[in-house]
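Visitor: how would this look folded up:
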Amino acid sequence: MKVTEITRRMLRAAAAALTAGILFFLPGLPAGADVIYEPEDEFYAEHSKDCTKEEKTWETNAYGGIRMLAEPDSDEIVYEFNEPGIRMWVYYIYHNPKGGEWAYTEYYHDGNFYKGWLPTNLLWRSYSTESFLRDYGGDITEEQNLVNGENGEDTVYFYLWPGSTIAEKVEFTDGGLQNEPVGTYLAYTDEKGRKWGYVDYWYGHYGWICLETPDLAAEDLWPEGAPERDSRERTVLDIVYLEDSTEIKEHTESSSPTAGSSEKEETETASSSLPVGSSEKEETEAVKTRDADESTEETAGPLPGPAKSLPLWAIPAAAGTLLAVTAAILLAVLIKKKNH
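Guide: This next block holds a predicted model:
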C-alpha cells in the first residue's frame, strides 16, 4: 500500500475520531448558554443594523393609551396599554436615524400574544436586580451560603432584590432542596437584620433569597410594607390623541404607577414629555440625555462575581485537540515504518 493511501485513510480516521469525540462530550454540557434572540419581525429584519439588543424589563409610563404598533410610525395598532406600571420584556431598541427610539416587545395577556413596537419616551426602564446591586453595592459582601431546607422548607422565593414584591416561587418535592441546595455567593443584611443571599444562576432561576426564611412571601417578610429602593424621580404622562396629532403632557393627579405588575429587569431612563412625532432635534436631545445617564451607570465598579465555569466550547475543543494529536502521532509512526 502506498504512503499516500495510508495518509488518506489515517486522515479519514482522524476526522471520524474528532467528530465522535465532540458528539460524545456534547450531551454532558451544561444548559443555559447565552442565545441571542432575534424576533421574526419584518421591520426588525430590514432595520437590524439600527437596532441594539436590550433584553430588559420596561414599564408603561402614561395614561390614555400607549399604542403598540406593528412597525414604528405605522397606522396598524396591535395592542393598547391604558395605564402606567405594566411591565413587559423589551428585546431590542430601534434607533431611528431621523430621531427617536422604539422598543420591540412581545406581550402575553389573557392567553393572547401581541408583538410590536412602542415609543420609548412613553416607557420607563424598570428598577431591577442590577439596579439594586449598583445602588447598594457598598453594603453587599462576598460570602457563600447554602439554602438546603435544613428547617424543613420545601419552597424558595427568588426576589429581584430584598424588599421587592416581585419574586419567583420555586417548590420542591421529595427532599429536592436537600438533594440540590441553592448556593449563594453575595450577602446583604436588610433593615430588620435579616441576611439575604444572591445567586445569578441556579437551574434557570436567579435573585435574592432571605436565608433565614427562604419560604416566606413578600407580605410575610414585610407586613408593614417594603422599603422604597428606587430613588429616581418619575414623571407619569397623559396621552391625548387628537385628529391629526398626539398631545403628551405631565399627569396631574398622581405620579405613581399602578401596582400589581410583574416580570423582571433594569435601570434608568430619562422620562420625556415629547410627543411621538416630535422634531428630530428634540428627539436627539432626549436620546443624548438617556445615553449619558446609562453610561454613568456602566462606569460603576463591578461587584465580586461567582467562579466562572468553563465555556461551552472548552470540553469538546480539548477532546478534539487530544484526538487530533493522537491521530497525527499514529500517522507519523505508520509512515516511518513504511519507509523502513
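
Visitor: rest of the way, CA atoms for contacts and neighbours
Guide: Will do.

Visitor: what's the weakest-modelled helix or strand in this structure?
Guide: helix 280-298 (a mean of 39; mean pLDDT, DSSP states H and E).

Visitor: state the phi and psi torsions of Glu168.
Guide: Dihedral angles of Glu168 (phi, psi; degrees, to the nearest 10) stand at phi -100, psi 120.

Visitor: burial count for it?
Guide: Number of residues near Glu168 (other Cα atoms under 10 Å) recorded here: 15.

Visitor: that one touches Trp161, doesn't it?
Guide: No. Between Glu168 and Trp161 no contact is recorded; they are 11.5 Å apart, counting by Cα atoms under 8 Å.

Visitor: show me where the stretch 1-150 of the chain has its strands.
Guide: 51-60, 62-63, 66-69, 77-81, 87-95, 101-109, 112-119, 123-125, 141-147 (DSSP state E, counting those that start in this stretch).

Visitor: can I get the ones you listed in a markdown table including distance to Gly183?
Guide: What follows is the strands of the stretch 1-150 of the chain, written out as a markdown table (distance: least, Cα to Cα, whole Å):
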| stretch | distance to Gly183 |
| --- | --- |
| strand 51-60 | 25 |
| strand 62-63 | 40 |
| strand 66-69 | 41 |
| strand 77-81 | 39 |
| strand 87-95 | 27 |
| strand 101-109 | 32 |
| strand 112-119 | 36 |
| strand 123-125 | 29 |
| strand 141-147 | 5 |
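
Visitor: who wins for proximity to Ile239 among the ones you listed?
Guide: Nearest of these to Ile239, taken as Cα to Cα: strand 62-63 at 6.1 Å.

Visitor: what's that closest one packed up against?
Guide: Judged by 3 or more Cα pairs under 8 Å, 6 or more residues apart in numbering; DSSP states H and E, the packing partners of strand 62-63 are strand 237-241.

Visitor: any chance of the strands of the stretch 1-150 of the chain in TSV, with distance to Glu191, mean neighbour count and mean pLDDT too?
Guide: Supplementary listing: these in TSV, determined by distance: least, Cα to Cα, whole Å; neighbours: other Cα atoms under 10 Å; pLDDT from 0 to 100:
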stretch	distance to Glu191	mean neighbour count	mean pLDDT
strand 51-60	27	20	94
strand 62-63	33	24	94
strand 66-69	38	22	96
strand 77-81	36	15	96
strand 87-95	27	22	96
strand 101-109	36	19	96
strand 112-119	38	19	96
strand 123-125	26	25	95
strand 141-147	16	16	97
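
Visitor: surely Thr189 touches Tyr198?
Guide: No. The pair Thr189 / Tyr198 is not scored as a contact, 11.5 Å apart, by Cα under 8 Å.

Visitor: which of these two has more neighbours?
Guide: When neighbours are counted by other Cα under 10 Å, Thr189 and Tyr198 differ, and Tyr198 comes out ahead with 30 against 15.

Visitor: just the helices in the chain please.
Guide: Remark: helices assigned in the chain by DSSP state H are 3-25, 42-47, 129-135, 176-179, 218-221, 280-298, 314-339.

Visitor: average model confidence for the fourth one?
Guide: Read it as helix 176-179. Mean pLDDT, helix 176-179: 87.

Visitor: what's in contact with it?
Guide: Helix 176-179 is contacted by residues 147-150, 154 when judged by Cα atoms under 8 Å, 6 or more residues apart in numbering.

Visitor: try 6 Å this time
Guide: 148-149 (Cα atoms under 6 Å, 6 or more residues apart in numbering).

Visitor: any buried residues in that helix, and which?
Guide: 177-178 (16 or more other Cα atoms under 10 Å).

Visitor: over to the second one?
Guide: If you call a residue buried by 16+ other Cα under 10 Å, then helix 42-47 has these buried ones: Tyr44.

Visitor: same question for stretch 161-179.
Guide: Neighbour count says stretch 161-179 has 161-167, 177-178 buried, by 16+ other Cα under 10 Å.

Visitor: just the C-alphas of it, formatted as CSV.
Guide: Provided in CSV are the C-alpha atoms of stretch 161-179 (Å, rounded to 0.1, in the frame of the first residue of the first chain):
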residue,chain,number,x,y,z
TRP,A,161,-34.0,42.5,45.4
PRO,A,162,-34.5,42.5,49.2
GLY,A,163,-37.8,44.3,49.5
SER,A,164,-39.1,43.6,46.0
THR,A,165,-42.7,42.3,45.8
ILE,A,166,-41.7,40.5,42.6
ALA,A,167,-40.4,37.0,43.2
GLU,A,168,-40.2,33.6,41.5
LYS,A,169,-41.6,30.9,43.7
VAL,A,170,-39.9,27.5,43.4
GLU,A,171,-41.4,24.5,45.1
PHE,A,172,-39.5,21.3,45.8
THR,A,173,-40.8,17.7,46.4
ASP,A,174,-39.3,14.6,47.9
GLY,A,175,-36.5,16.4,49.6
GLY,A,176,-35.4,18.1,46.4
LEU,A,177,-33.9,21.1,48.2
GLN,A,178,-31.8,18.9,50.4
ASN,A,179,-30.5,17.0,47.4
